[in-house]
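*Asks:* mind folding the following:
(one chain, ligands or ions: 2)
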Amino acid sequence: MLIDGHGRSVTYLRVSVTERCNFRCQYCMPEKPFSWVPKENLLSFEELFLFIKAAIDEGITKIRLTGGEPLLREDLDRFIKMISDYKPDIDLALTTNGFLLPDTAMKLKEAGLKRLNISLDSLKPDIAHKIAQKDVLGRVLLGIDKALEAGLKVKINMVPLKGINDDEIVDILEYGKAHNIKVRFIEYMENRHADQTLRGMHGREILDKIKERYTIKALGREGSSPSFNYLLDDGTEFGLIDPHKHDFCESCNRIRLTAEGFLIPCLYFDEAMSIADAIKTRDIQKASEILAAVLRDKPKENRWQQEDGEVSSRAFYETGG
Ligand code: SAM
Ligand code: SF4
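*Replies:* Numbering: from 1, shown residues only. Ligands and ions are numbered 1, 2, ... in the order given. The predicted structure is shown next:
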């Protein structure tokens, strides 16, 4: 069992398999980074799997693959199958922008993937284009259809932005309702990599938009999830992730691993430790010791807004959000 320095049980590992992306979302990666991590610095699937096996043996029960865009990493279905074959009952999920799903959804399901979170910020082609800086909507919507056809459980993530897609909050909720998909609204999190002119919406502003159309009831947090659930008067459930509050930190159960082998104890915390050397030399004992050290140092609550007023330098596309 993995327990952190504040007594929290850690059961959830998020693995970012690449920082590269085929979108340039304004809130995440508006421009191609100055340089990508060279491919030779990425851990191979076999190397990542060595760590994942050890982490599962120590108590990880849920794994989410993310990125950058995880479907850009060649043979991702092979990696999914390695994990699924090792622990068939593992809760294995993926977060994707959906663009490559039309060609991959069935392969992912057959490899053992159970759940997908798909980012959908707009139902208007020009606004989706403006946010992702690419004409994406048609393929993303087709990708959602293909994922549902393949029998994957799907959730939608939307990041509402003032003056850009804030008039579509109810539309996205209704799209989810029509497709029997749960929608989760994520507060925009300021970071140094995003377009600095963006203005996000606070959780209460998102809820106010929904209240213009529906009566809503607060249900509460689902286990250790950062998402707070609400119910519409017609029985539809949706979630709100509002990290500007710290209230989900006390039950946080997650750690993150990047494609380069950095173990990150908290998304909103600049420190990390590398397991790359330990893994490359097959020293699993050493990797487990590093994991234990990272857990000891896991902060009590997120440090998004740092003491000096600076926002986090952590890039979402490196850590996988
Ligand atoms: N490329 C995939 C995608 O977009 O779903 C996976 C990686 S992306 C970094 C994971 C999630 O982080 C997405 O749902 C995205 O909307 C969210 N995200 C990225 N930047 C964000 C920001 N500044 N604030 C809030 N959420 C953000
Ligand atoms: Fe790419 Fe996802 Fe970041 Fe958009 S949010 S740029 S799709 S990693």
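*Asks:* just the C-alpha atoms of the helix or strand of the chain with the lowest mean pLDDT, please, in PDB.
*Replies:* When the helices and strands of the chain are compared on mean pLDDT, DSSP states H and E, helix 316-319 comes out lowest with a mean of 83. What follows is helix 316-319, C-alpha atoms only, in PDB (Å, rounded to 0.1, in the frame of the first residue of the first chain):
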ATOM      1  CA  PHE A 316      -0.100  20.900 -18.700                       C
ATOM      2  CA  TYR A 317       1.200  19.200 -21.900                       C
ATOM      3  CA  GLU A 318       4.200  17.800 -20.000                       C
ATOM      4  CA  THR A 319       2.200  16.500 -17.000                       C
END
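*Asks:* helices or strands next to it in the packing?
*Replies:* If you count contacts as 3 or more C-beta pairs under 8 Å, 6 or more residues apart in numbering; DSSP states H and E, helix 316-319 packs onto strand 12-16. For glycine as for every other residue, the C-beta is placed from the backbone atoms N, C-alpha and C.
*Asks:* okay, the angle between whichever helix or strand comes after the strand it packs on and strand 12-16?
*Replies:* Counting by DSSP states H and E, the next helix or strand C-terminal to strand 12-16 is helix 45-57. Helix 45-57 runs at 170 degrees relative to strand 12-16, counting by axes from the mean of the first three to the mean of the last three C-alpha atoms, to 10 degrees.
*Asks:* pull the CA atoms of the helix or strand following helix 45-57 into CSV?
*Replies:* Later in the chain than helix 45-57, the nearest helix or strand by DSSP H and E is strand 62-66. Once non-C-alpha atoms are left out, strand 62-66 reads as follows in CSV (Å, rounded to 0.1, in the frame of the first residue of the first chain):
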residue,chain,number,x,y,z
LYS,A,62,-6.2,3.1,-11.4
ILE,A,63,-4.0,4.3,-14.4
ARG,A,64,-4.8,7.1,-16.8
LEU,A,65,-2.7,7.6,-19.9
THR,A,66,-2.4,11.2,-21.0
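*Asks:* quick one: strand 62-66 near ligand 2?
*Replies:* No - applying C-beta under 6 Å from any ligand atom, one finds strand 62-66 separated from ligand 2 by no less than 8.1 Å.
*Asks:* what residues of the next helix-or-strand element following that strand count as buried?
*Replies:* Of the helices and strands lying after strand 62-66 in sequence (DSSP H and E), the nearest is helix 76-86. By neighbour count with 16 or more other C-beta atoms under 10 Å, helix 76-86 contains the buried residues L76, D77, F79, I80, K81, M82, I83, S84.
*Asks:* can you tell me which of the residues you listed is closest to ligand 1?
*Replies:* L76 (12.3 Å; C-beta to the nearest ligand atom).
*Asks:* and that closest one, how far from V15?
*Replies:* The span separating L76 from V15 equals 11 Å under the rule C-beta to C-beta, to the nearest Å.
*Asks:* which neighbours do the two share?
*Replies:* Common contacts of L76 and V15 (C-beta atoms under 8 Å, 6 or more residues apart in numbering): L65.
*Asks:* which regions of the stretch 51-200 of the chain sit below the pLDDT cut-off?
*Replies:* Under the criterion pLDDT under 70, no range of the stretch 51-200 of the chain is flagged.
*Asks:* by proximity to ligand 2, which residue of it wins?
*Replies:* Closest point on the stretch 51-200 of the chain to ligand 2, by C-beta to the nearest ligand atom, is N97, at 3.6 Å.
*Asks:* where does E205 land in three-state SS?
*Replies:* helix (DSSP: H, G, I helix; E, B strand; the rest coil).
*Asks:* who's in contact with M1?
*Replies:* M1 neighbours (C-beta under 8 Å, 6+ apart): S9, E58, G59.
*Asks:* let's have the residues you listed in CSV, adding neighbour count and distance to D103.
*Replies:* Formatted as CSV, these follow (neighbours: other C-beta atoms under 10 Å; distance: C-beta to C-beta, whole Å):
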residue, neighbour count, distance to D103
S9, 13, 38
E58, 15, 35
G59, 12, 35
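*Asks:* now, among the residues you listed, which is nearest to M201?
*Replies:* Comparing those against M201 with C-beta to C-beta picks out S9 as the nearest, at 32.6 Å.
*Asks:* just the buried positions in stretch 152-171, please.
*Replies:* 152, 154-161, 164-165, 168-169.
*Asks:* take these and keep only those in helices.
*Replies:* By the criterion of DSSP state H, membership of the buried residues of stretch 152-171 in helices covers I169.
*Asks:* what is the neighbour count of the spatially closest residue to D85 that is not a sequence neighbour?
*Replies:* Distances taken as C-beta to C-beta, 6 or more residues apart in numbering put G112 closest to D85, at 7.2 Å, once the chain neighbours are dropped. Residues near G112, counting by other C-beta atoms under 10 Å, number 18.
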